[in-house]
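In: sequence first, predicted coordinates after that:
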Amino acid sequence: MKRPVHPLFILTLGFVLATAAPSARAADALAAGQPFPALTEFALEGTLPDLAGAKVVIVDFWASWCAPCKASFPVYDQLQKDYAGKGVYVIAVNVDQNDKQMAAFLKKQPVGFTVVRDAGAKLVARVKVPTMPTSFVVDAKWIVRFAHSGFHGEETRRRYVEQIDQLLQETP
């Protein structure tokens, strides 16, 4: 004879699974100190900039349906303007399945930084992006120096500026 499952057990199990799963995914994601894969290996749709001489690259993974992604775009646009000519590049990698969704997003919110699309989801799988948006601050040797999960407005903007300034000081 089967015993009924206690409701508290179900709630506890649900909580454990809900909190453990994101942590496990985040632990698998690319982390500081690891090399970032070469963007040219992934047949990204769009035109990548010539990154020879790049000192800092922010690679941001985003989707058109992501509200924090929308909030991050003006910050990335301003960073690209503020650091223009200093070897700093922002590259936003879109993960939408439909390119029309990306195009509609960019029509409403045009930007001055590079946007490409990972149509085959190969780069996003390789990097193991845990959430949208996720960004990586990469140094001149293509080593991940900082990783950002989510976008938290002014706090995230301030951290980007600190990290970019630090890497520019370290790179001759």
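Out: Looks like it came in fine.

In: all strands in the chain, in order from the N-terminus.
Out: Secondary structure of the chain by DSSP state E: the strands cover 56-62, 88-94, 114-117, 134-139, 144-149.

In: how about TSV for the ones you listed, with distance to Lys108, mean pLDDT and mean neighbour count added?
Out: C-betas here are computed from N, CA, C, even on glycine. Converted to TSV, the strands of the chain look like this (distance: least, CB to CB, whole Å; pLDDT from 0 to 100; neighbours: other CB atoms under 10 Å):
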stretch	distance to Lys108	mean pLDDT	mean neighbour count
strand 56-62	14	98	24
strand 88-94	14	98	24
strand 114-117	13	98	20
strand 134-139	21	98	24
strand 144-149	23	96	18
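
In: quick one: the ones you listed as CSV, columns for distance to Gln101 too.
Out: Below are the strands of the chain laid out as CSV (distance: least, CB to CB, whole Å):
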stretch, distance to Gln101
strand 56-62, 11
strand 88-94, 9
strand 114-117, 10
strand 134-139, 19
strand 144-149, 22
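
In: show me the beta-bridge partners of Ser149.
Out: Counting by DSSP bridges, Ser149 forms beta bridges with Thr134.

In: so how many other residues sit close to Ala54?
Out: If you count neighbours by other CB atoms under 10 Å, Ala54 ends up with 17.

In: can I assume it is in contact with Gly87?
Out: Yes - shown here, Ala54 and Gly87 form a contact pair, counting by CB atoms under 8 Å, at 5.5 Å.

In: overlap in contacts, these two.
Out: Common contacts of Ala54 and Gly87 (CB atoms under 8 Å, 6 or more residues apart in numbering): Ala140.

In: could you check how far Phe61 is from Pro68?
Out: Distance, Phe61 to Pro68, by CB to CB, to the nearest Å: 12 Å.
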